[in-house]
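Chemist: show me the folded form of this:
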Amino acid sequence: MECTLDQVPLGEEAVVLQVENESLLGSRLREMGITEGVRICRKRQAPLGDPSIYMVRGCALAIRNADAAHILVRPAHISVAGGFENRRSDR
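Modeler: Take a look at the predicted model:
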């Protein structure tokens, strides 16, 4: 169940599958820590809906919806292989 980052509901966590490679935007997003496999959570949204605040690697980033549409994600609760989630146990 893949979608783009701008479609992730508030408070939900997702895993980045792909960041657009072709543009300067893709390079800038990767420089900010949005890389394949990283978890990202949509925390807040501006009153008029754009931009949204995302938590990535412990940092809050404001990303416009038009830019978030270039990031392919899947919900974090959906496992990749055979119903087995890749999570560290809480210690």
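
Chemist: centre-most residue in this protein?
Modeler: The residue lying closest to the centre of the chain (CA atoms, centre = their mean) is Ile40, at 3.9 Å.

Chemist: buried stuff in the longest helix belonging to the chain?
Modeler: If you go by DSSP state H, the chain has its longest helix at helix 24-31. By neighbour count on 16 or more other CB atoms under 10 Å, the buried set for helix 24-31 is Gly26, Leu29, Arg30. From N, CA and C alone the C-beta is placed, and that goes for glycine too.

Chemist: kindly reformat those as TSV containing distance to Gly11 and pLDDT.
Modeler: Below are these laid out as TSV (distance: CB to CB, whole Å; pLDDT from 0 to 100):
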residue	distance to Gly11	pLDDT
Gly26	26	82
Leu29	22	86
Arg30	25	85
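
Chemist: which of these sits closest to Pro47?
Modeler: Leu29 (24.2 Å; CB to CB).

Chemist: what are the contacting residues of the lowest-mean-pLDDT helix or strand in the chain?
Modeler: Least confident element among the helices and strands of the chain, by mean pLDDT, DSSP states H and E: helix 24-31 (a mean of 84). For helix 24-31, the surrounding residues in contact (CB atoms under 8 Å, 6 or more residues apart in numbering) are Val19, Glu20, Ile63, Asp67, His70, Ile71.
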